[in-house]
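K.L.:
next come a sequence and a model predicted from it.
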Amino acid sequence: MVVPVYNEQRDLGPSVRRLHAFLLERFPYPFRITIADNASTDGTLALARALAAELPGVAVTHLELKGRGRALHAVWSASDADVLAYTDVDLSTDLGALLPLVAPLISGHSDVAVGSRLSRGSRVVRGPKREIISRCYNLLLRRTLRVRFRDAQCGFKAIRADVAAHLLPHVADTGWFFDTELLVLAERCGLRVHEVPVDWVDDPDSSVDIVATALADLRGIVRVRRAIASGTVPVAHLRSWVGRGPLSRGSAPLAPLSPYPDVTPEHRPSQHSQHSQHSRATLPSADRATAPTGAGTPR
């Protein structure tokens, strides 16, 4: 579970402690929390390292450049976990949705899972401005890129590691559009995207610049559409390697993916099957925190 942060000195401590306590008490699988600090200029990094020293199963990665997408790309690519996930530091999404998010990936039923604030059954508290922008953006995605998922922007997602190893090298965005680009690519490659209705409460003190983010997203939509149309992103080749085949009677059960030819060694998936009920925990290579044996094992 990655928690990307930039200048989150105020919220980081309470949020990570709350997340850690939830995973210990209510999550039935081994885990690791990785705080991904991307170029913070306040005391965020020092606090993250203190939390890693205090809490078993918490680690830190520091990046010199900003960007949520950059942080997720770096930590997920270096991870040896079988399921990779992330949540925004404000924990706006109720953590009760975490097990429904990752269970279909562990079982092999789905390839990517996303929290959705726009699905039936979701409960959302946020201002009208953000609500309108979110709905308009996702409508635009459906019209321009013909996607089927409802909510691209909820900061609560997970992906199987073997699938991520094939897709991440082809995701170019390093900022907020990273999520959308990853989901679009997953759908175009014939992967199953599982949507989980969530309870979500807006953080009124969020530092996200809505206008700047919206403009960057629009530019991202244009770029991705052109890349797919021109063949810059090898969708057909990726689909043949990672996509789900056509349905037939007696279809064989899902097997671990073989490495995609263009994937470099550092992006290759773990040799461990994604069906393991005891997935190894995320432990990045940079700023590695030492945790005692069994750290992250639920009580």
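P.N.:
The structure has been received and is ready for your questions. Because the structure is a prediction, the values reported are computed rather than measured.
K.L.:
can you show me the CA trace of whichever strand or helix holds Val163 as CSV?
P.N.:
Following DSSP states H and E, one finds Val163 within helix 161-167. The C-alpha coordinates for helix 161-167 follow below in CSV (Å, rounded to 0.1, in the frame of the first residue of the first chain):
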residue,chain,number,x,y,z
ALA,A,161,1.9,-7.0,-9.9
ASP,A,162,2.3,-9.2,-13.0
VAL,A,163,-0.1,-6.9,-14.9
ALA,A,164,1.6,-3.7,-13.6
ALA,A,165,5.0,-5.0,-14.9
HIS,A,166,3.6,-5.1,-18.4
LEU,A,167,1.7,-1.8,-18.3
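K.L.:
tell me what that helix is packed against?
P.N.:
Applying 3 or more CB pairs under 8 Å, 6 or more residues apart in numbering; DSSP states H and E, we find helix 161-167 packed against helix 68-78, strand 83-87, helix 178-188, helix 235-242. Heads up, the C-betas are built off the backbone N, CA and C, glycines and all.
K.L.:
how about 7 Å then?
P.N.:
Helix 161-167 makes packing contacts with strand 83-87, helix 178-188, helix 235-242 when contacts are defined by 3 or more CB pairs under 7 Å, 6 or more residues apart in numbering; DSSP states H and E.
K.L.:
how close does His20 get to Leu215?
P.N.:
Per CB to CB, to the nearest Å, His20 is found 36 Å from Leu215.
K.L.:
neighbour count: those two, which is higher?
P.N.:
His20 (20 against 11; other CB atoms under 10 Å).
K.L.:
list the residues that contact that one.
P.N.:
Ile33, Leu55, Val58 (CB atoms under 7 Å, 6 or more residues apart in numbering).
K.L.:
rerun at 10 Å
P.N.:
Met1, Phe31, Ile33, Leu51, Glu54, Leu55, Pro56, Gly57, Val58, Gly296 (CB atoms under 10 Å, 6 or more residues apart in numbering).
K.L.:
strands of the stretch 151-299 of the chain, start to end?
P.N.:
Here the stretch 151-299 of the chain has its strands, by DSSP state E, counting those that start in this stretch, at 156-160, 193-197, 199-201.
K.L.:
and the shortest one, what does it pack onto?
P.N.:
To tie it back to what came earlier, the one meant is strand 199-201. strand 112-116, strand 123-125 (3 or more CB pairs under 10 Å, 6 or more residues apart in numbering; DSSP states H and E).
K.L.:
now the shortest one: mean pLDDT?
P.N.:
Read it as strand 123-125. For strand 123-125, the mean per-residue pLDDT is 91.
K.L.:
next: stretch 47-62.
P.N.:
The pLDDT scores in stretch 47-62 average 98.
K.L.:
many thanks, I have nothing further to ask.
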